[in-house]
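J.: no FASTA, just this:
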């Protein structure tokens with residue numbers, strides 16, 4: 001029995017030593033030579049980043065990931081020019097790009113529309129705001145990829161209106177004075193400086209000319225024909241829109257006609273001579289909004 005006990009004791013000791021050796025060997029391969037780095041030769045690792053370069057010594061054979069621990073913070077999305085598991089056996093240079101993906105939002109103003117209504121109590125060409133407009137607000141969401149602090153990819157993923165715009169309503173004066181006063185008011189407006197204009201084909205008409213459609217002194221929407229009341233295609237320029245017309249002056253879109261389609265406009269004159277003198281020409285038309 002004593003011999004059997006000794007045998008079991010020997011077997012137990014051998015097993016314990018073997019298990020200890022295997023555990024030590026496993027720890028060695030998992031942690032790498034850096035565990036006892038003082039006993040191993042070292043090499044140099046250089047990390048090039050967007051705004052700096054780091055160089056330091058590491059034990060030979062250490063993995064790149066282990067070598068960077070405590071030196072450079074890594075995230076799963078970051079780019080390394082070498083695999084993180086690469087063993088560093090000799091002087092090595094690696095490029096690191098910090099990459100981040102995020103969602104950003106932009107708030108954009110939505111312009112409000114303008115609606116014009118006739119006002120017989122206002123002098124010709126004058127305007128009065130009946131309901132002030134209010135811009136709307138739209139939020140646009142973007143998915144961005146940021147590389148070393150710079151946006152390298154940007155994709156719109158969603159947009160939504162968080163505040164609808166409120167349209168502005170303006171009254172436009174149609175109270176006419178004498179023909180001379182009306183023409184004077186119209187021509188008193190200087191041409192706009194804006195480059196935002198329409199180029200339209202303009203023709204002249206006079207209520208005394210027989211070709212005039214219908215009642216020559218009444219427009220298609222019920223206004224009294226007068227200098228500054230011009231015929232338009234309402235799908236291009238809505239009725240009651242205030243205009244400035246090159247070579248004619250201030251005007252209001254207040255009539256239409258069978259031949260007035262698209263970018264065409266017909267201008268009222270009091271006499272056949274004025275009509276003949278103006279004729280047909282291309283003009284710039286500013287929408288005064």
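T.: Arrived safely. Because the structure is a prediction, the values reported are computed rather than measured.
J.: for this protein, longest strand please?
T.: Scanning the chain for the longest strand, with DSSP state E as the assignment, gives strand 150-163.
J.: residues in contact with that strand?
T.: Here strand 150-163 makes contact (C-beta atoms under 8 Å, 6 or more residues apart in numbering) with 103, 107, 110, 136-146. All C-beta atoms are positioned from the backbone trio N, CA, C, and that covers glycine.
J.: Derive a ChimeraX selection command for the buried subset of the residues you listed.
T.: Applied in ChimeraX, the following selects the buried portion of these according to 16 or more other C-beta atoms under 10 Å:
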select :136,138,142,146
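J.: any chance of the contacts of strand 150-163 in JSON lines, plus pLDDT?
T.: As requested, the contacts of strand 150-163 are arranged in JSON lines below (pLDDT from 0 to 100):
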{"residue": "103", "pLDDT": "93"}
{"residue": "107", "pLDDT": "95"}
{"residue": "110", "pLDDT": "95"}
{"residue": "136", "pLDDT": "96"}
{"residue": "137", "pLDDT": "97"}
{"residue": "138", "pLDDT": "96"}
{"residue": "139", "pLDDT": "96"}
{"residue": "140", "pLDDT": "96"}
{"residue": "141", "pLDDT": "96"}
{"residue": "142", "pLDDT": "96"}
{"residue": "143", "pLDDT": "94"}
{"residue": "144", "pLDDT": "93"}
{"residue": "145", "pLDDT": "90"}
{"residue": "146", "pLDDT": "90"}
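J.: just the contacts of strand 150-163 now: which is nearest residue 235?
T.: Closest to residue 235 out of the contacts of strand 150-163 is residue 110 (23.1 Å), distances taken as C-beta to C-beta.
J.: contacting residues for the closest one?
T.: Taking C-beta under 8 Å, 6+ apart as the definition of contact, the neighbours of residue 110 are 135-138, 161, 163-165.
J.: What pairs with whichever strand or helix holds residue 55, parallel or antiparallel?
T.: With the criterion set as DSSP states H and E, the secondary-structure element containing residue 55 is strand 53-59. For strand 53-59, the pairing partners within the sheet under DSSP bridges are strand 42-48 (antiparallel).
J.: thinking again about what came up before, which of the residues in the strand holding residue 55 are buried?
T.: Of the residues in strand 53-59, 58-59 count as buried by neighbour count, 16+ other C-beta under 10 Å.
J.: Show me what the helix or strand just after it is packed up against.
T.: On the C-terminal side of strand 53-59, the closest following helix or strand by DSSP H and E is strand 62-63. The contact analysis (3 or more C-beta pairs under 8 Å, 6 or more residues apart in numbering; DSSP states H and E) places strand 62-63 against strand 87-88.
J.: buried ones in stretch 147-160?
T.: residue 147.
J.: One more: stretch 270-281?
T.: Using 16+ other C-beta under 10 Å, the residues of stretch 270-281 that count as buried are 270, 275, 278.
J.: of the contacts of strand 150-163, closest to residue 233?
T.: Closest to residue 233, out of all of these and judged by C-beta to C-beta, is residue 110, at 26.8 Å.
J.: if I look at that closest one, how far off is residue 161?
T.: For residue 110, the distance to residue 161 equals 7 Å [C-beta to C-beta, to the nearest Å].
J.: Residue 105 now?
T.: For residue 105, the distance to residue 161 equals 13 Å [C-beta to C-beta].
J.: what does residue 221 give?
T.: Between residue 221 and residue 161 the distance is 33 Å, computed by C-beta to C-beta.
J.: ok, the buried residues of stretch 270-281 vs residue 98, which is closest?
T.: residue 278 (68.4 Å).
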